[in-house]
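Novice: kindly generate the corresponding structure for this input.
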Amino acid sequence: MSLLSPVAAVGRSTLALIAAIGRLAIFVGGTLSHLVRPPFYWREFLSQLLFIGYFSLPVVGLTTLFTGGALALQIYAGGARFNAEAVVPQIVALGMVRELGPVLGGLMVAGRVSAAIAAEIGTMKVTEQIDALVTLSTHPMKYLTVPRVLAATVALPFLAAVGNTIGILGGYLVAVLRLDFNGATYVQTTVNFLQAGDVISGLVKAAVFGFIVATMGCYHGMRSGRGAQGVGRATTDAVVSASVLILASNFLLTGLFFTQ
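Specialist: Next up, the predicted model:
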């Protein structure tokens, strides 16, 4: 028996992983099916759009501003080894629009929104408010999950667009004020270099990340255990799973968009 114990442990872990993937797939399928069926709670949707989108602007803006500035410094220092300092505007713009803007925006919103959604829904479950919704003939997924998922999917591309702009601005400020670049030339180079496909790919990524952020928050909140410990664990699991899935999906989407 002792020789088979490691094999049994691997088997249990594998079965648990498959079961977790199955539960998540069922949850996602239910969410998508309710997205296209009435009724729609527009007031709840607008409230979540304000919470997820507008109130996330400061953290996304500050993150991308400093990232754009640091990126400009790193590219300039690295390019100086090959006499290629002039590529700073192009690489900053490309890095922010394709990768850093959507990914950083998604991760920041995951930390802020996934945790909040999981804590809110988990607390509602603990205090039996979800059971009260069922008693009132209101489907919990349609009232709680659908507005949040839809709001996050809509809001994240706008947050990414703002983050891209602020990130490029951060690179511009560092390049002009510290690295002695010409401001007009920097802006013109950035505009000429970026293509529509670069911008669109970043916005599509952001929409996918928004869907992941809200889905993970709702999923773990709905599965929250009883008591404060259960809600705390659901909050942690929501942030961790959303962050990991954002990075994994970013890799897959990058391969889909840019592999020749």
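
Novice: run through the stretch 51-200 of the chain and note the low-pLDDT ranges.
Specialist: For the stretch 51-200 of the chain, no stretch is flagged by pLDDT under 70.

Novice: I'd like to know which elements the helix or strand containing G105 is packed against.
Specialist: G105 belongs to helix 101-109 when assigned by DSSP states H and E. Here helix 101-109 touches helix 57-79, helix 146-177, helix 196-222, helix 227-258, going by 3 or more Cβ pairs under 8 Å, 6 or more residues apart in numbering; DSSP states H and E. (C-beta placed from N, C-alpha, C; glycine too.)

Novice: of all these, which one comes closest to F45?
Specialist: helix 146-177 (4.1 Å; Cβ to Cβ).

Novice: now for the helix or strand following that closest one, which elements pack on it?
Specialist: Downstream of helix 146-177, the first helix or strand assigned by DSSP H and E is helix 183-193. Packed against helix 183-193, as judged by 3+ Cβ pairs under 8 Å, 6+ apart, are the following elements: helix 88-95, helix 146-177.

Novice: tabulate these (JSON lines), appending distance to I18.
Specialist: Shown next, in JSON lines, are these (distance: least, Cβ to Cβ, whole Å):
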{"stretch": "helix 88-95", "distance to I18": "37"}
{"stretch": "helix 146-177", "distance to I18": "24"}
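
Novice: may I see these organised as CSV, with distance to K205 and mean neighbour count added?
Specialist: Formatted as CSV, those follow (distance: least, Cβ to Cβ, whole Å; neighbours: other Cβ atoms under 10 Å):
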stretch, distance to K205, mean neighbour count
helix 88-95, 13, 22
helix 146-177, 8, 23
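
Novice: in a markdown table, list the helices and strands packed on helix 101-109 along with distance to G111.
Specialist: Listed next are the helices and strands packed on helix 101-109 as a markdown table, based on distance: least, Cβ to Cβ, whole Å:
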| stretch | distance to G111 |
| --- | --- |
| helix 57-79 | 8 |
| helix 146-177 | 13 |
| helix 196-222 | 9 |
| helix 227-258 | 6 |
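
Novice: quick revisit: with just CA atoms, put the helix holding G105 into PDB.
Specialist: Taking C-alpha atoms only, helix 101-109 is exported to PDB below (Å, rounded to 0.1, in the frame of the first residue of the first chain):
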ATOM      1  CA  GLY A 101      -1.600  48.200 -20.800                       C
ATOM      2  CA  PRO A 102      -4.100  45.400 -21.000                       C
ATOM      3  CA  VAL A 103      -2.200  43.000 -18.700                       C
ATOM      4  CA  LEU A 104      -1.400  45.600 -16.000                       C
ATOM      5  CA  GLY A 105      -5.000  46.900 -16.200                       C
ATOM      6  CA  GLY A 106      -6.400  43.400 -15.900                       C
ATOM      7  CA  LEU A 107      -4.100  42.600 -12.900                       C
ATOM      8  CA  MET A 108      -4.900  45.800 -11.100                       C
ATOM      9  CA  VAL A 109      -8.600  45.400 -11.600                       C
END
